[in-house]
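>>> sequence first, predicted model second:
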Amino acid sequence: MIKTTLKIDGMMCSMCESHINDTIRRDFNVRKVSSSHTKGTAEIVSEEPLDENALRESIGKTGYKVLEYSAQPYEKKKFSLFGR
């Protein structure tokens, strides 16, 4: 799995976060997406790498701008009662 982090300009409230999340879910095959207007970021977990240009274009159509793009392997955190 891949974790993609976007720095996004223009998000001002929780409704902005919803617009970004809905756009990403609609246009891309993702497992999870979470945006934060206070941090100005969106984090996406997907099975395959996402096309950076397609993400920029899709989000750009909503009136927001992707300032930075980064992707790295994602490993789901395991829960343990014993701290292992």
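Looks like it came in fine. Keep in mind it's a predicted model, so treat the numbers as computed, not measured. Numbers count the residues shown, from 1 in each chain.

>>> got a list of contacts for the longest helix anywhere in the chain?
Ranked by residue count and defined by DSSP state H, the top helix of the chain is helix 14-27. Applying CB atoms under 8 Å, 6 or more residues apart in numbering, the set of residues contacting helix 14-27 from outside is 8, 10-11, 30, 33-37, 42, 44, 54-55, 58-59, 61-62, 64. Heads up, the C-betas are built off the backbone N, CA and C, glycines and all.

>>> what's the next secondary structure element after it?
Past helix 14-27, further along toward the C-terminus, the next helix or strand under DSSP states H and E is strand 32-36.

>>> what's the helix or strand following that next one packed up against?
Where DSSP H and E defines the elements, the next helix or strand beyond strand 32-36 is strand 41-46. Here strand 41-46 touches strand 2-9, helix 14-27, strand 32-36, going by 3 or more CB pairs under 8 Å, 6 or more residues apart in numbering; DSSP states H and E.

>>> run through who's touching the following helix or strand past strand 41-46.
Once strand 41-46 ends, the next helix or strand along the chain (criterion: DSSP H and E) is helix 52-60. The set of residues external to helix 52-60 that reach it, using CB under 8 Å, 6+ apart, is 4, 6, 8, 20, 23-24, 27-28, 65-66, 69, 71.
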